[in-house]
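> Coordinates for the following, if possible.
(one chain, ligands or ions: 1)
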Amino acid sequence: MAENNVIIITGGASGIGREAAYLLSEAGNAIVVADFNEEGAKETAANIEAQGGKAATFKVDVSKAEEVEAMVNFAVETFGTLNGIFNNAGIGLVKPLLEMDPASYHKVIDVDQHSVYYGIYYGAKKMVELGAKGTIVNTASIYGSMAAKGSFNYNAAKAAVVMMSKSGALELAEHGIRVVGVAPGFIDTPILGEDEEMKKALSALHMHNKLIQPEKVASVVKFLFSEEAAAINGSTVAVDDGFLSFK
Ligand code: NAD
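Predicted coordinates for the structure are as follows:
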């Protein structure tokens, strides 16, 4: 089990990132809860500290390279080293392709794709500089391997994340850094919005006919950060309740 490590979690103010922060803290790691939702990040950190864990918060816009670099430096200044990053913050923006103007396209690419490159680049550079071994986990999606209407930008971003996990793993193995991904199905988090009819329709796409709870993804993320997952490298693990396996 990963323990006594320092792990940055982006998108740690909510949903999958928050649940991963709780589980990775329970496993004995110090957590940097990074998000642009400062209030939510503070709530996650306070809950960790209330359970006797170690947490700090950092306000970041993951679509900005210099902010991700500052986040990595903050983790090391605060906890002395860096052993992992969960590149997880993300957004959705559903629009038909014929309305997918450059601004809509770039918004999702910047937040969901470029952020993962920044996290891998600045995170791995710092880990190598420190001689620290560790793991980088990236949140992809089922839509990183299958197309969905209205998701041209999101499909492109998440497919890139799947490939960055492979490519990153290949280049960083010699430094003792594993890079892996997680591909959630539809998870019951605020990113899905409030439309209950839509959520019901999405539920039916899973083998158990319901949305997946975020802690189910978080427990896989915790495993991927652990020593038990030492032989998983470059892969993206689907946590999709069969979404990709049936029609
Ligand atoms: P969520 O909305 O609960 O959490 C996303 C978090 O990311 C929020 O706290 C938000 O403030 C943060 N964030 C968004 N843009 C940011 C930015 N530019 N800088 C810093 N923080 C930012 O949603 P979630 O479901 O927990 O999403 C986490 C990841 O899981 C995302 O990458 C999402 O694409 C992916 N995912 C979610 C689902 C799902 O159905 N919920 C399915 C597949 C993949």
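> what sits up against the one helix or strand Phe58 maps to?
Of the helices and strands defined by DSSP states H and E, Phe58 is found in strand 55-59. Residues lying outside strand 55-59 but in contact with it, judged by Cβ atoms under 8 Å, 6 or more residues apart in numbering, are 8, 21, 25, 30-36, 38, 41-42, 44-45, 48-49, 70-71, 74-75, 78-79. In this view, the C-beta of every residue, glycine as well, is placed from N, C-alpha and C.
> Next secondary structure element downstream of it?
Counting by DSSP H and E, the element after strand 55-59 in chain order, helix or strand, is helix 65-79.
> For this protein, which residues score under the pLDDT cut-off?
With pLDDT under 70 as the threshold, the chain has low-confidence stretches at 1-3.
> Tell me if the lengthiest helix in it is near the ligand.
Ranked by number of residues, the top helix in the chain under DSSP state H is helix 152-172. No: Helix 152-172 does not reach the ligand (Cβ under 6 Å from any ligand atom); its nearest approach is 7.1 Å.
> This protein against the ligand: which residues are in contact?
Proximity of the chain to the ligand (Cβ under 6 Å from any ligand atom) is limited to residues 10-11, 13-17, 35-37, 40, 60-63, 88-91, 111-112, 139, 141, 184, 186-187, 189-192, 214.
> Return a PyMOL selection command for the buried portion of these.
Of those, the buried ones can be selected in PyMOL as follows, counting by 16 or more other Cβ atoms under 10 Å:
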select buried, resi 10+11+13+14+15+16+17+35+36+37+40+60+62+63+88+89+90+111+112+139+141+184+186+187+189+214
